[in-house]
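**Student:** Based on what follows, work out the 3D shape:
(chains A and B)
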Amino acid sequence: GEQVEQRPPHLSVREGDSAVITCTYTDPNSYYFFWYKQEPGASLQLLMKVFSSTEINEGQGFTVLLNKKDKRLSLNLTAAHPGDSAAYFCAVPVTGNTRKLIFGLGTTLQVQP
Amino acid sequence: AQTIHQWPVAEIKAVGSPLSLGCTIKGKSSPNLYWYWQATGGTLQQLFYSITVGQVESVVQLNLSASRPKDDQFILSTEKLLLSHSGFYLCAWSLRVGAETLYFGSGTRLTVL
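**Tutor:** Take a look at the predicted model:
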């Protein structure tokens, strides 16, 4: 079945630096993906939903890149600020059962002023 | 606009005691509903999902059960709590069509002592 590997588990950057979080998945038939942000003690907030038809997805202060050949999804925060400090999770639906979502192990990002 | 309400916000319970957590969705009829569990510092594990009243599918049971007594309500329960049940419980909803996005409630933090 589908497996998702997320790296790195922890990431510390300075304010204004970029931060990159990557997920690799195994099922070549996966056609949509999610990135969620979880601030400390809070619930999950949807950052972006990405379809396999689009390789570059622009958000507010971040870009999500999809490399279908390598089965890799990356979240790139272009100029991190302290408010970006949170845990980030990628999620991939199980092919054939979109009601089952597999989450990556998460990346805890700390942005230092 | 859809709202998702979880209760209680937090619980401290003794090992062996019963538990009931609830989730209500307003503003969306016949949603898919989900229960997720998150250990402290961990990723999300899907527990149950439901596509209609009275029907619940188990993904990982963890000695828990779920019920959907009404279209807008999802209940997670157990008669006997274990220490390993501690964590953050999240209810989520999605539309009943393909490529659904999951929207999460604010969660219930459970501490079992």
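**Student:** average model confidence for stretch B:8-16?
**Tutor:** Here stretch B:8-16 scores 97 as its mean pLDDT.
**Student:** who's in contact with the spatially most central residue of chain B?
**Tutor:** The residue lying closest to the centre of chain B (CA atoms, centre = their mean) is residue B:35, at 3.2 Å. Neighbouring residues of residue B:35 by CB atoms under 8 Å, 6 or more residues apart in numbering or on different chains: B:23, B:46, B:47, B:48, B:49, B:66, B:74, B:76, B:89, B:90, B:91, B:92. In this view, the C-beta of every residue, glycine as well, is placed from N, C-alpha and C.
**Student:** Over to residue A:64?
**Tutor:** Neighbours of residue A:64 in contact, by CB under 8 Å, 6+ apart: A:35, A:48, A:50, A:56, A:57, A:73, A:74, A:75, A:76.
**Student:** Among those residues, which pair sits farthest apart?
**Tutor:** Spatial extent of those (CB to CB) is set by the pair A:35 and A:56 at 13.9 Å.
**Student:** These two - which one has more neighbours?
**Tutor:** Between residue A:35 and residue A:56, counting by other CB atoms under 10 Å in any protein chain shown, residue A:35 is the more crowded of the two (24 against 9).
**Student:** Would you quantify the distance from the residue lying closest to that one once chain neighbours are set aside to chain B?
**Tutor:** Leaving aside its chain neighbours, residue A:35 sits nearest to residue A:47 (4.2 Å; criterion: CB to CB, 6 or more residues apart in numbering or on different chains). Distance from residue A:47 to chain B, counting by CB to the nearest CB, to the nearest Å: 11 Å.
**Student:** So residue A:47, which state does it fall into?
**Tutor:** Of the three states, residue A:47 takes strand under DSSP: H, G, I helix; E, B strand; the rest coil.
**Student:** got the contact list for it?
**Tutor:** Residue A:47 neighbours (CB under 8 Å, 6+ apart): A:34, A:35, A:36, A:37, A:59, A:62, A:75, A:88.
**Student:** And for residue B:55?
**Tutor:** residue B:68.
**Student:** for it, which residues make a bridge with it?
**Tutor:** Beta-bridge partners for residue B:55, by DSSP bridges, are residue B:52.
**Student:** quick one: is the helix or strand bottoming out on mean pLDDT in chain A near chain B?
**Tutor:** None of the helices or strands of chain A scores lower by mean pLDDT, DSSP states H and E than strand A:97-103, at a mean of 81. Yes: for strand A:97-103, a contact with chain B is found by CB under 8 Å from any CB of the partner chain, at A:98, A:99, A:100, A:101, A:103.
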